[in-house]
Structure formats: structure tokens, C-alpha cells
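Novice: predicted model follows, preceded by the sequence.
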Amino acid sequence: MTDTLKAYPVKRFTGPTKRFVRCLSLRNDPELIAEYRNRHAKGNIWQEIIDGLKQIGVLEMEIYINGTNLTMIVETPADFDWDSAMSALATLPRQQEWEDYMSKFQLASPGATSSEKWQPMERMFHFYE
């Protein structure tokens, strides 16, 4: 894979934003990982999940994979409160059903919410001009 295939465009928003970066591990099973990828392919994620993310204020979300390691990057408005938004997300239609369904792929406790599964990462370096 060339470097140009590893680069991803970044959307620009009209107002100030902030970024959350979280991580999660998958079960070390190639078949489960392939199925997890498939479940997240365009058109396969339940529309209620996408609608719920928009409803709580998420502007953009990306998930990256390397082996069994997942990194999720979430762009939100600057005034976004993660804890209250995730509490609201957990109450939306089919959200917990999705989380329970995804838990068979993830190293997470059954019944865990998205916020409980995806652990925050600490930014230890950044470079901006």
C-alpha cells in the first residue's frame, strides 16, 4: 500500500470543534475481525446508529484498525460534553442492541455502553503550524 492510499481527507467545519480519540480491542479471531469490518462497511451500519450519533451532536467519526486494535476519532462542536452526550446516546432506539451485538467482536463486558467500551486516549504529542 502506498502512502497516498493511507492518507485520509479531513473535513473542515464552519465553527470551532474539538476531537475525542478513544481505543478498543477486538477479539483475536480473524473471522470475527473480518465480520466486524463487514458490519462497519458503508451501508451495513444500522441507520438508527448513524442517526443517533448525529442527534447527540457528533459531526464526524472515524474508526481505524491495526490488527486487533481500534482507534476512534470523533469530531464534535466545541461545546460538546462527552459524558452527557454518551448518556443520551445510550437511551436512543437500538443503541444498546447495537452495543450488545458488537460485543461478540470486542474485548468488552456484555451490556457495556459505547462510552464504557471505548477508552480515552491521551494525546502525548501534536504539531500544528
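Specialist: Structure received.
Novice: just list whatever residues bridge to the nearest residue to residue 11 once chain neighbours are set aside.
Specialist: Closest residue to residue 11 apart from its sequence neighbours, by Cβ to Cβ, 6 or more residues apart in numbering: residue 60 at 5.7 Å. Yep, even glycine has a C-beta here, placed from its N, CA and C like the rest. In this entry, residue 60 is beta-bridged to residue 75, by DSSP bridges.
Novice: tell me how far the ends of stretch 21-41 are from each other?
Specialist: 20 Å (Cα to Cα, to the nearest Å).
Novice: do I have it right that residue 104 meets residue 32?
Specialist: Yes: contact criterion Cβ atoms under 8 Å: residue 104 and residue 32 qualify, at 7.2 Å.
Novice: give the contact list for the spatially most central residue of the chain.
Specialist: In the chain, the residue lying closest to the centroid (Cα atoms, centre = their mean) is residue 72, at 4.2 Å. Counting by Cβ atoms under 8 Å, 6 or more residues apart in numbering, residue 72 touches 20-24, 61-64, 118.
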